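Asks: 3D, please:
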Amino acid sequence: MRLLHTGDWHLGDRLGRIDRTDDLRRAVEHIAAYCASEEIDTLLVAGDLFSEIASPDTLRESIRHLQEVFEKFMVEGGTVVAITGNHDREPFCQTLRLAMGLAAPLGPKLGDLGQTHRFYLATGPTFFRIPDRRTGGEVQFVLLPYPTAQRYLTRDELQAYNSLQEKNRHLTTAYMAKLDELQRHSAFRHNLPTVLSAHIAVEGATLSGFFRLSEEEDIVFDAASVPLGFAYVGLGHIHRPQALFGQEYLRYSGSIERMDLGEKNDDKSVAVVDLGPHGREGEVRLLDLPSTPIADLQIVDPVAQLPRLKDDYPEHEKMLVRLSVYYTAGEQNREAILRELEGIFPRWYFRELHERNELGQTLTAASEGGQETFEETVRGYLRQELIQHDEATRDRILARAEELMREVQS
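Replies: Numbers count the residues shown, from 1 in each chain. Got it, this is the predicted structure:
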């Protein structure tokens, strides 16, 4: 079986004022082209298919696009295996999985033999086998979505915790216990080549910066927690592509696009590995994915800098740019400067304006395209904290927060 490992698609995402839909769709189409040119049998997506900030309409259009792009791949016998990550909305993904099961009710149960030409979405810990469409052999997949309390803290004693750190310790223990439980299951085939896919952060991984998740909030597994007895371990969650501990078969695929400024220097790729009856065959191959350039620019001397920008940044029209603009009040026309910058960098996603007097002192600063006001900071924080809650609970809390902020302002 030839496997293509990818992850962290974040379909429907935004960066500031910029909708990333087209960027991400181009990356997905590039992956579909690799599936054809490399004769891929199974596409493994290691979590975060969708963005948590995507609207229902955007999610629907993302699924429609996936259907269009991968229909030929699956009709010709290809299989897609995906797990959920921390940015995938739990209610939406559960609904999607149930709908797919209703449309094709022969999906694999724990340890069963699945079918090719299908899309499998694991919203909870599971394992099953997939036949190799060319050789008739089988490859076993162990799938561990992102560790949330709802998925992994099923015992009453583990659901009681007094701090975030204690909750994370419980989740780490429960996550590893679930992996051990799956491997001890009577249907687990120890004689088959087995692929493990998980959406976790592993200590020692090189970070570009967590994507909308702080290190204090995340669950980081130590190196000893990573099992080594698999033919391939395909991880998601860390956006920088990399092999862990010098083992080529133990790797993060990385995200399919540069998602924010922290990834401006990352080169994106997918990994391809061949699996035979006795495990890996040959080396893991990396296939490049084109990425959108991102820059953080300071315009401190508009008169000198503006004429050079197009030459300095040949990809200026498609670049994602964070702008800090300094201008002198009474001497330079702020609106004219902004219009010229808009024409050069139409995809600026955040800009901060600094007004100086004739002596050069900065008088005021105003930001556009970011979460800078008190209200926006509160909203952004709550949306992040409530990602794993159901939509009804999230909407009630956000509505109550809006009421409280109005009371404070009145």
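Asks: And the strands in the stretch 251-400 of the chain?
Replies: Ranges of strands within the stretch 251-400 of the chain are 268-276, 279-289, 294-299, 320-328, 348-356, 362-368, based on DSSP state E, counting those that start in this stretch.
Asks: starting at the chain centroid, how far to the fifth one?
Replies: Meaning strand 348-356. Taking Cα atoms, centre = their mean, to the nearest Å, one finds the center of strand 348-356 at 28 Å from the center of the full chain.
Asks: Residue 111: which of the strands of the stretch 251-400 of the chain is closest?
Replies: Among the strands of the stretch 251-400 of the chain, the nearest to residue 111 by Cβ to Cβ is strand 268-276 (18.4 Å). Where you see a C-beta, it was placed from the backbone N, CA and C, and this is true even at glycine.
Asks: what's that closest one packed up against?
Replies: Other helices and strands packing on strand 268-276, by 3 or more Cβ pairs under 8 Å, 6 or more residues apart in numbering; DSSP states H and E, are strand 2-6, helix 21-37, strand 232-236, strand 279-289.
Asks: In PDB, list the C-alpha atoms belonging to the third one.
Replies: Right, the one you point to is strand 232-236. The C-alpha coordinates for strand 232-236 follow below in PDB (Å, rounded to 0.1, in the frame of the first residue of the first chain):
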ATOM      1  CA  TYR A 232       4.500   4.300  10.300                       C
ATOM      2  CA  VAL A 233       3.400   7.000  12.800                       C
ATOM      3  CA  GLY A 234       1.600   9.900  11.100                       C
ATOM      4  CA  LEU A 235       1.100  12.800  13.400                       C
ATOM      5  CA  GLY A 236      -0.800  16.100  13.200                       C
END
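Asks: elements contacting it?
Replies: Strand 232-236 makes packing contacts with strand 2-6, strand 194-199, strand 247-252, strand 268-276 when contacts are defined by 3+ Cβ pairs under 8 Å, 6+ apart.
Asks: Which one of those lies nearest to residue 379?
Replies: Closest to residue 379 of these is strand 194-199 (Cβ to Cβ; 25.9 Å).
Asks: Could you tell me which strands the closest one is paired with, and in which direction each runs?
Replies: Paired neighbours of strand 194-199 in the sheet (DSSP bridges): strand 138-144 (parallel), strand 232-236 (parallel).
Asks: Determine which stretch of the ones you listed is the most buried.
Replies: strand 232-236 (a mean of 27; mean count of other Cβ atoms under 10 Å).
Asks: From the rest of the structure, what touches it?
Replies: 3, 5, 7-8, 44-48, 83, 85, 195-200, 202, 226-227, 244, 249-253, 271, 273, 275, 280, 284 (Cβ atoms under 8 Å, 6 or more residues apart in numbering).
Asks: Kindly report the same for stretch 300-318.
Replies: 292-293, 295, 299, 319, 325-327, 332, 337, 340-341, 344-347.
Asks: How about the contacts made by the closest residue to residue 281 other than its chain neighbours?
Replies: If the residues on either side of it in the chain are set aside, residue 281 comes closest to residue 274, at 4.4 Å by Cβ to Cβ, 6 or more residues apart in numbering. Residue 274 sits next to 1-3, 280-282 when contact means Cβ under 8 Å, 6+ apart.
Asks: No more questions from me, cheers.
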